[in-house]
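Asker: coords please:
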Amino acid sequence: QLKLASWKGCKSCLTFSIGTIIKNTLIYKIIHYTRPMVCCRDKKFLRYKLGRLFDMMDNNKDGKFQKTDYIGLGNAGMDNMAAIGYAVTAAHRKKVQKIFGPAYYGITCFGFGGKNKKRWVGYLSVMTQMPGFKMIGKHLFKRVSQVYDFDGSGDFSIDEFTQVFCKPIGLSEEEAKESFKLLDTNHDGVLDIEEFAKGITHYLSDLEENKWAHMFGRIDYNPDKWDDDDESKEEVKEGIEDTGIKLDDEASP
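Answerer: Here you go, the predicted model:
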């Protein structure tokens, strides 16, 4: 009984400590104070895109987007590169673990946004509308894509792009070609890291349909046939409150 009471006490202290740390982080303050500004926009199409991407990235199809899913996609990219003749070493695979792990925490707020599809859509539909997201997002996705830049050229051929970024999430070769074409904005026949990072950042944040919306396959979106209950404010709130922190209903500076 003494051990159990001691463990409960430690667990309570740990929850309080984690909650205190998160409450004093920049990401918490941004969510808390800008939540009213970003939750009232029409994000129906964005939420549709995010839900579609979740289904592709849920690697083991268990309804969650976990760290193992993201690293699994990274490893699948390495396997595909090896299959077409690239010398994939243990150092390359270790780099996937080193880069994809922190990247996962960055795009899910330490896993809160990966709990399920509803949480993922709600969390990202808020976070990607925050001031500065495009700059931060481009930096993050450039780091991820650099893992596969074996020759240090800073760009990818269509074959490399297909094997690394398209096949692991289930896109066909035809869809990969179409995606490559729309991302190659300077039409030089290669996809540089900047172009890729720009494209995915636009996909995750743009509210209206544009060319970036089709980078993961052609979207046939009909708002009249897709029912979306936008509860993003509550979903983000729930994610933070999972840590033991209680948010007020209205944020106040």
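Asker: count the neighbours of K44 for me.
Answerer: 15 (other CB atoms under 10 Å). From N, CA and C alone the C-beta is placed, and that goes for glycine too.
Asker: same deal with G113?
Answerer: Neighbours of G113 using other CB under 10 Å come to 25.
Asker: can you check N60 too?
Answerer: The number of residues packed near N60 is 10, by other CB under 10 Å.
Asker: quick one: residues contacting the nearest residue to it once chain neighbours are set aside.
Answerer: Residue nearest to N60 in three dimensions, not counting chain neighbours: D69, with 6.4 Å by CB to CB, 6 or more residues apart in numbering. Listed by CB atoms under 8 Å, 6 or more residues apart in numbering, the contact set of D69 reads 57-60, 114.
Asker: and those, which two are furthest apart?
Answerer: For these, the maximum inter-member distance is 12.5 Å, found between N60 and G114 (CB to CB).
Asker: for stretch 114-133, what is the average pLDDT?
Answerer: Mean pLDDT, stretch 114-133: 92.
Asker: show me which positions of that stretch end up buried.
Answerer: 114-130, 133 (16 or more other CB atoms under 10 Å).
Asker: quote the end-to-end distance of it.
Answerer: 18 Å (CA to CA, to the nearest Å).
Asker: just how off-centre is it within its chain?
Answerer: Per CA atoms, centre = their mean, to the nearest Å, the displacement of stretch 114-133 from the mean C-alpha position of its chain is 8 Å.
Asker: what does stretch 136-152 give?
Answerer: 14 Å.
Asker: do the same with stretch 192-212
Answerer: 13 Å.
Asker: list the buried ones in it?
Answerer: 192-207, 212.
Asker: so where do the strands sit in the protein?
Answerer: 155-156, 191-192 (DSSP state E).
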